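Participant: let's see this in three dimensions:
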Amino acid sequence: MPIHISIFVPLRKFAKMSVRTWQNDAYKYVILSVLIKKMQHFIFFIGILCMVFRKDNGKIFSTLQSKKMLKKMEEIVKQLNNTFSNKSTEEVLKYFLKEYKGEIGLSSSLSYEDQVLTHIICSIDKTAKIFTLDTGRFFPETYSLIDNTNMRYGIHLQVYFPDFKRIEEMVNEHGVNLFYESIEKRHLCCQIRKIEPLKRALKGLKVWITGLRRSQSVTRKNMKLVEYDKDDNIIKLNPLINWSEDDVKLFVKKNNVPYNRLHDKGFPSIGCQPCTRAVKEGEDIRSGRWWWEDPEHRECGLHQRN
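Facilitator: So this is what the prediction gives:
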């Protein structure tokens with residue numbers, strides 16, 4: 001074979017092999033690219049499933065935790081009620097004011113009952129938080145009582161106001177006296193003027209003291225000394241729960257506790273001026289509040305929430 005032919009024969013074979021190898025590699029590359037894309041789609045799909053599962057699992061976990069917390073708080077409340085069932089109001093308040101110092105507060109409506117509690121609390125710890133919710137529709141006598149209380153006990157009642165923007169929106173949309181039109185509108189007014197400010201006032205507290213009594217109305221007959229308010233995740237303490245109206249009045253008179261002078265004019269329960277009226281002798285003490293509604297609806301929502 002001529003020398004030049006002998007040289008180029010292997011070269012031709014190498015060229016043919018290189019072409020076949022390149023074709024095979026290109027085919028493999030295409031297959032690999034398709035597989036990678038499929039894997040990317042699969043991984044993305046798995047990622048979405050994981051996110052959904054994690055979200056649902058989080059909800060389940062959160063629900064379980066809430067139920068566990070609720071059960072725990074119910075047990076604590078039950079123990080507290082058993083412990084203090086035969087204790088005096090002063091003993092109850094001394095314990096809670098000491099045990100939850102800096103994390104306890106009295107929400108005062110400046111009623112007979114709340115004035116009694118203010119008197120007792122100030123005799124134990126004047127630094128304890130006592131606050132009131134000024135709805136912007138108080139009687140003049142109520143504002144005078146705030147000053148008188150501060151001067152008598154040497155304290156400063158903390159006053160919380162509603163959000164003025166929310167008030168403006170409500171009044172411009174529904175009118176100034178919307179509460180007379182329906183229960184829903186009355187609840188809206190109470191929500192904005194009372195409940196929302198209350199949430200701000202209770203922030204950071206573990207115990208909320210109230211002046212509730214069982215005999216005040218049908219809506220309060222099943223209340224206990226210590227309760228758990230799950231809406232605000234707070235212990236609710238009702239030191240006067242077993243007191244009668246006569247017990248309250250006697251304490252006020254005996255201790256010269258400052259009180260709202262409207263009580264002397266036939267107002268046993270005093271709230272916002274448009275929603276409160278005097279009652280006749282022998283009538284239910286809460287009958288002057290939202291008198292146009294059925295008795296079972298006569299709550300502002302502070303103590304009856306779902």
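
Participant: can I get stretch 135-147 in PDB, CA atoms only?
Facilitator: Extracted in PDB, the C-alpha atoms of stretch 135-147 (Å, rounded to 0.1, in the frame of the first residue of the first chain):
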ATOM      1  CA  THR A 135     -66.200  56.500  75.700                       C
ATOM      2  CA  GLY A 136     -66.600  60.200  75.100                       C
ATOM      3  CA  ARG A 137     -70.300  60.000  76.100                       C
ATOM      4  CA  PHE A 138     -70.000  60.100  79.900                       C
ATOM      5  CA  PHE A 139     -72.300  62.000  82.200                       C
ATOM      6  CA  PRO A 140     -70.700  65.200  83.700                       C
ATOM      7  CA  GLU A 141     -71.000  63.600  87.100                       C
ATOM      8  CA  THR A 142     -68.800  60.700  86.000                       C
ATOM      9  CA  TYR A 143     -66.000  63.100  85.000                       C
ATOM     10  CA  SER A 144     -66.300  64.800  88.400                       C
ATOM     11  CA  LEU A 145     -66.000  61.500  90.100                       C
ATOM     12  CA  ILE A 146     -62.700  60.700  88.300                       C
ATOM     13  CA  ASP A 147     -61.200  63.900  89.900                       C
END
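
Participant: contacts for that stretch, please.
Facilitator: 110, 115, 132, 157, 159, 161-162, 167, 193-194, 258-262, 270, 272-276 (Cβ atoms under 8 Å, 6 or more residues apart in numbering). Glycine gets a C-beta too; all of them are placed from N, C-alpha and C.

Participant: in helices, which of those appear?
Facilitator: 115, 167 (DSSP state H).

Participant: and the closest residue to residue 280 other than its chain neighbours, what does it touch?
Facilitator: Nearest residue to residue 280, sequence neighbours excluded (Cβ to Cβ, 6 or more residues apart in numbering): residue 266, at 7.6 Å. By Cβ under 8 Å, 6+ apart, the contact list for residue 266 reads 278, 279, 280, 288.

Participant: buried members of these into PyMOL, please.
Facilitator: Selection command for PyMOL covering only the buried members of the contacts of residue 266, criterion 16 or more other Cβ atoms under 10 Å:
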select buried, resi 279+288
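
Participant: tell me the one of the contacts of residue 266 nearest residue 211?
Facilitator: Of all those, residue 288 has the smallest distance to residue 211: 16.9 Å, by Cβ to Cβ.

Participant: roughly how far apart are the closest one and residue 265?
Facilitator: Distance of residue 288 to residue 265, computed by Cβ to Cβ, to the nearest Å: 11 Å.

Participant: any shared contact partners between those two?
Facilitator: Common contact partners of residue 288 and residue 265 (Cβ under 8 Å, 6+ apart): residue 278.

Participant: and residue 292, how many neighbours does it have?
Facilitator: Residue 292 has 11 neighbours, counted by other Cβ atoms under 10 Å.

Participant: which stretches of this protein have low pLDDT?
Facilitator: 1-35, 37-38, 40-42, 45, 47-65, 217, 219-220, 295-306 (pLDDT under 70).

Participant: ok, which stretches of the stretch 201-306 of the chain are strands?
Facilitator: 207-209, 226-229, 234-237 (DSSP state E, counting those that start in this stretch).

Participant: check the offset of stretch 94-110 from the chain's centre.
Facilitator: 18 Å (Cα atoms, centre = their mean, to the nearest Å).

Participant: same question, stretch 143-150
Facilitator: Between the centre of stretch 143-150 and the centre of its host chain there is 28 Å, according to Cα atoms, centre = their mean.

Participant: compute the first-to-last residue distance for stretch 153-162.
Facilitator: Taking Cα to Cα, to the nearest Å, stretch 153-162 runs 26 Å from one end to the other.

Participant: would you mark the buried spots in that stretch?
Facilitator: In stretch 153-162, counting by 16+ other Cβ under 10 Å, buried: 153, 155, 157, 160, 162.

Participant: inside strands: which ones of those?
Facilitator: Among the buried residues of stretch 153-162, the residues falling in strands (DSSP state E) are residue 160.

Participant: between the buried residues of stretch 153-162, which is nearest residue 249?
Facilitator: Using Cβ to Cβ, residue 153 is the member of these that sits closest to residue 249, with 19.6 Å.
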